[in-house]
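> Quick one, what's the 3D model for this:
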Amino acid sequence: MANEVGKLGKKWIYFCCSVSSSIANFRDKVAKKYQLKFWDYWPFRDVIFFGMYHWVDYLKFIWCRRNKIVFWAGGDIVNLRNNRIGWIKMFKLFKAKHFCENYREVSILKILGIDAIAQPIFLEDPNDFPITFKATENPHVFMNCHPGREAEYGLLLIPWVAKNLPSITFHIYGEIENQMYYDIMPNNVTFHGRVPNEQFNEDIKNYQCGLRLNDIDGFSEITAKSILSGGYPLTRIPYEMLDSVKEDVNVYNNSSESLYRFLKELKYKTRPNLKAREYWFRQLSTNHFLDVLQE
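This next block holds a predicted model:
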C-alpha cells in the first residue's frame with residue numbers, strides 16, 4: 001500500500017485522516033477499505049478529508065488546492081458548531097463536497113451553512129460479520145466510551161439502568177480510566193478496556209444489543225456490527241429499520257424510560273433481526289460517496 005496510489009476508475013485519489021484520536025485509529029482501515037494513498041501534502045492533489053476535529057485539520061484543508069471532499073464523523077460537527085474562531089467561514093472561501101452519515105448531521109451542517117449528503121459507511125467488510133444472534137433470557141449489551149466524554153456516550157445512564165435490569169450484562173469498551181465509574185457500577189457491568197479489533201469482533205458475537213446513545217454521531221461501528229450480527233442495536237439517532245430511544249433521554253440526571261423499556265423487552269427477541277440486517281448489509285456494502293470522484 002505504501003507505494004500505491006488509490007485509484008477509482010481513472011481518478012487518482014489521496015486521503016487525510018484527522019489528527020484527533022477519535023478517528024485517527026481508523027486511518028489504516030480507511031486505506032485498506034478504499035485503496036487510497038495517504039496524502040503527501042503536495043497541494044495539487046484531489047484529497048478526501050476524514051474528520052475535521054482539530055485546527056491542524058483545517059490548515060491541511062486550506063493547504064489543498066485541488067478538489068476536496070470532507071467526510072464529517074460526528075464529534076467534529078459538534079466542535080465546528082461550538083467553535084469561536086470562525087472556521088465556519090472557511091467553507092465559504094474554500095469549496096468542497098461534504099458528506100456525513102445521517103440526516104441529523106445533515107441538518108446541523110445545513111444550519112452552519114454547509115450542504116452535505118448523508119451516506120453511512122462501514123470500514124470493514126460486511127461479509128466478515130455473519131448472523132450470530134442467539135436468543136437468551138439474560139441478554140448482553142455492549143457500548144464504548146472515551147475518557148472525559150462519559151455524558152456524551154451515555155455511560156452515566158448505565159448505573160441506573162443496570163441496577164433496574166439485573167438480568168442484563170452491560171459490556172463497556174474503551175479507555176475509561178476514572179476509577180469512580182467502576183465503583184458506582186452494579187455487578188452486572190463489565191469494563192473491558194481497550195481491546196484489539198479482532199478480540200472485540202469475537203466478543204460481540206455473543207451479545208444481543210449494541211448501545212449507542214450519542215446525540216450527534218456518525219453511523220457507529222457499534223451499531224453496524226450489532227445489526228450485521230443479526231442483533232438489535234439501539235441508537236439515539238433515528239435510522240431506517242433500527243430502534244432508537246426517544247427524547248426522554250437525559251444523561252445528566254440519569255434517566256430514560258424508553259431506554260429502560262427497550263432493554264427490558266430485549267429478552268423477548270427470539271429471532272435474528274433479519275429484515276433490518278438485510279437492509280443494512282446492502283447499505284454498508286456500497287460506497288456511494290466515492291461516485292463523486294468520477295465526476
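
> Quick check: V56 touching V19?
Yes - with contacts defined as Cβ atoms under 8 Å, V56 counts as touching V19 at a distance of 5.1 Å. Bear in mind the C-beta positions are built from the backbone N, C-alpha and C, glycine included.

> For those two, work out which one has more neighbours and name it.
V19 (15 against 11; other Cβ atoms under 10 Å).

> Wait, a helix at the more buried one?
No - looking at V19 with DSSP: H, G, I helix; E, B strand; the rest coil, it is coil, so not inside a helix.

> tell me the contacts of it?
By Cβ atoms under 8 Å, 6 or more residues apart in numbering, the contact list for V19 reads Y53, H54, V56, D57.

> and what of A224?
P120, F122, W280, L284.

> so where do the strands sit in this structure?
For the chain, the strands defined by DSSP state E occupy 6-8, 11-17, 37-38, 47-50, 68-71, 97-100, 116-118, 140-144, 169-173, 189-193, 209-212, 234-235, 243-244.

> helices or strands next to the last one in the packing?
Here strand 243-244 is seen to pack against strand 234-235 when contacts are counted using 3 or more Cβ pairs under 8 Å, 6 or more residues apart in numbering; DSSP states H and E.

> what about 10 Å?
Taking 3 or more Cβ pairs under 10 Å, 6 or more residues apart in numbering; DSSP states H and E as contact, the helices and strands that strand 243-244 lies on are strand 234-235, helix 257-264.

> about what we covered before: quick one: buried ones out of the contacts of V19?
Buried members of the contacts of V19, counted by 16 or more other Cβ atoms under 10 Å: Y53, H54, D57.

> what about the closest residue to I216 other than its chain neighbours, neighbour count?
Using Cβ to Cβ, 6 or more residues apart in numbering and skipping residues adjacent in sequence, the residue nearest I216 is V78, 5.3 Å away. As a burial measure, V78 scores 17 neighbours (other Cβ under 10 Å).

> Kindly report the same for Y41.
If we define neighbours as other Cβ under 10 Å, then Y41 has 12 of them.

> Excluding sequence neighbours, find me the nearest residue to it.
Closest to Y41 by Cβ to Cβ, 6+ apart is W63, at 6.8 Å.

> May I have the residues that are in contact with the one you found?
W63 sits next to C16, W39, Y41, W42, P43, V47, F94 when contact means Cβ atoms under 10 Å, 6 or more residues apart in numbering.

> how near is it to D125?
From W63 across to D125, the span is 33 Å (Cβ to Cβ, to the nearest Å).

> again, but for Q199
Per Cβ to Cβ, Q199 is found 18 Å from D125.
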